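Novice: Have a look at this prediction, sequence included:
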Amino acid sequence: MQSNYKPIGDYIRLVDERNKELKISTLLGLSISKEFIPSVANTVGTNMRNYKIIRKNQFACSIMQVRRDGKMPVALLEDIEEAIISQAYPVFEIIDTEVLLPQYLMMWFTRSEFDRQATFHAVGGVRGSLEWEDFLAFELPVPSIETQREIVREYNVIKKHITLNQQLNQKLEETAQALYKYWFVDFEFPAHLSGTLSGDEGYKSSGGKMVYNVELDKEIPEGWEVKTIGDFAFKMKSGSTPNRSRQEYWSANDHPWIKTGELKNSVLIEVEEYISDLALKECPITLLPINTVLVAMYGQGNTKGQVGYLKTPAATNQACCAIICDNEYKSTFMYYHLRVNRNEIVSVAIGGAQPNLSKDIIENLIMVVPSEETILNHPFIKIMNRKEKITRKSQLLMKLQSIMLSKMSTVEKTATSAKSAQVQEAIIK
């Protein structure tokens, strides 16, 4: 044991407070991403008196299936004063918060090195559970309380700005979808873009000419067309997965390789996995260009039908359908068409208990295509570029966040000023 390292068990104690009087009704679950989430459990007929109470600055964790998941779910309750959770989760608290800060300990639990340690020691049962005694024996450095406070403050500055960026991107996304519906569903795009009217008033409300389309069984603006996604796109492709047993395919970070779970209706710049030049050469994989639109054809949970917009050349797995358009204006229009019409697209999936989409299904979906001038003048391209800039800033902050976490094992009191300069530089970029 290093001189400044001490067992976690020296600083924490278990808490087992039950909801016997049914005074607390807020039920939380625990996610693998180390966050509390609203519980989706069916509690009808459940005796809520047995549920555990967790209070602010207390922790809950799961020591089951740690090896299977490659992570130990653990979270600190900070946003509310109290809640209840399943009795299956151990609840614990810091013995003396003037010696160890709960937020500092949570930072330690967030480190990838901590999850690797937990996974290594998780050998119980078929799915690999972690013994509580082993968890208590895990060690961490405990600097002075002043140093802990400074580290937590720096970390929270980064965390706050990442959250603000996420909220801003969400607002931009909501604005873009509202504009799509206004222009391309309600047909209230600026009248002067029609070539027959003048002014910026809405086309339809200004008396713009509408023509009946048999295929859609509705009226659309004169001059607009109905095409399949395949006809609108320049090219469509599906991906592939290099052989996992060929280490040389995965040993170099030459090219991003994207899975459906990473799409999440977002701008894609940096990803979880990379493949080598050799994999690109020997496997049936195509490197997709910037501004490619990706659609998840199948996947776990709510993945199917989610889209991503490439802002870096990348390859994908076989569950992604890539739509390559002639230019970024058309690509951005396609992205928002898929976002707004996701429910309709997912509804045509075929198969058994879990219907899937396919490249052929997506290729043959029909869409209303506006005039070229309307596409070139829509504001989505500015919104997408703004989202890209915010995403890049957030990823820079997340790298700094990761560096701070990894350096906790060698933290020195004198290091905080250097970190502060890095934080400020990353925020203003």
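Specialist: Received the coordinates, thanks.
Novice: quick check, Lys71 in a helix?
Specialist: No. In this structure, Lys71 is coil, not part of a helix, as judged by DSSP: H, G, I helix; E, B strand; the rest coil.
Novice: residue contacts, it?
Specialist: By Cβ atoms under 8 Å, 6 or more residues apart in numbering, Lys71 lies in contact with Ile32, Lys34, Asp115, Ala118, Thr119. Any C-beta I mention is one placed from the backbone N, CA and C, and that applies to glycine too.
Novice: and these, which of them are in helices?
Specialist: Counting by DSSP state H, those place Asp115, Ala118, Thr119 in helices.
Novice: check contacts around the first one.
Specialist: Translated: Asp115. With contact taken as Cβ under 8 Å, 6+ apart, Asp115 is in contact with Gly70, Lys71, Met72.
Novice: Can you lay out those residues as a markdown table showing pLDDT and distance to Leu280?
Specialist: Below are the contacts of Asp115 laid out as a markdown table (pLDDT from 0 to 100; distance: Cβ to Cβ, whole Å):
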| residue | pLDDT | distance to Leu280 |
| --- | --- | --- |
| Gly70 | 90 | 27 |
| Lys71 | 92 | 30 |
| Met72 | 95 | 35 |
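Novice: all strands of the stretch 151-300 of the chain, in order?
Specialist: For the stretch 151-300 of the chain, strands defined by DSSP state E, counting those that start in this stretch occupy the ranges 210-213, 218-221, 225-228, 235-238, 255-258, 266-268, 273-275, 293-296.
Novice: Need the winner for burial among those.
Specialist: Among these, strand 293-296 has the highest mean neighbour count (mean count of other Cβ atoms under 10 Å), at a mean of 27.
Novice: Tell me which other helices or strands it touches.
Specialist: Secondary-structure packing of strand 293-296 (3 or more Cβ pairs under 8 Å, 6 or more residues apart in numbering; DSSP states H and E): strand 307-310, strand 320-324, helix 328-340.
Novice: quick one: strands adjacent to the shortest one?
Specialist: Yep, that's strand 307-310 we're talking about. Partner strands and pairing direction for strand 307-310 (DSSP bridges) are strand 266-268 (parallel), strand 293-296 (antiparallel).
Novice: now swap in the second one and tell me
Specialist: With DSSP bridges as the test, strand 320-324 is paired with strand 235-238 (antiparallel), strand 293-296 (antiparallel).
Novice: now the contacts of Asp115 in TSV, with distance to Tyr89?
Specialist: Listed next are the contacts of Asp115 as TSV, based on distance: Cβ to Cβ, whole Å:
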residue	distance to Tyr89
Gly70	19
Lys71	15
Met72	12
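Novice: Let me see the domain layout of this protein.
Specialist: 5-142, 168-383 (automatic domain parsing).
Novice: so which of those domains comes closest to Asn156?
Specialist: Asn156 sits nearest to domain 5-142 of all those, at 7.6 Å, using Cβ to Cβ.
Novice: Show the end-to-end separation of that closest one, please.
Specialist: When the termini of domain 5-142 are compared using Cα to Cα, to the nearest Å, they are 7 Å apart.
Novice: Now do the contacts for Ile366.
Specialist: Glu215, Leu216, Val226, Lys227, Thr228, Ile229.
Novice: Quick check on it: phi, psi?
Specialist: Main-chain torsions, Ile366, degrees, to the nearest 10: phi -90, psi 150.
Novice: Pairing partners for it in the sheet, please.
Specialist: Per DSSP bridges, the residues bridged to Ile366 are Thr228.
Novice: ok so, going back, and of the ones in helices among the contacts of Lys71, the nearest to Ile94?
Specialist: Of all the ones in helices among the contacts of Lys71, Ala118 has the smallest distance to Ile94: 19.2 Å, by Cβ to Cβ.
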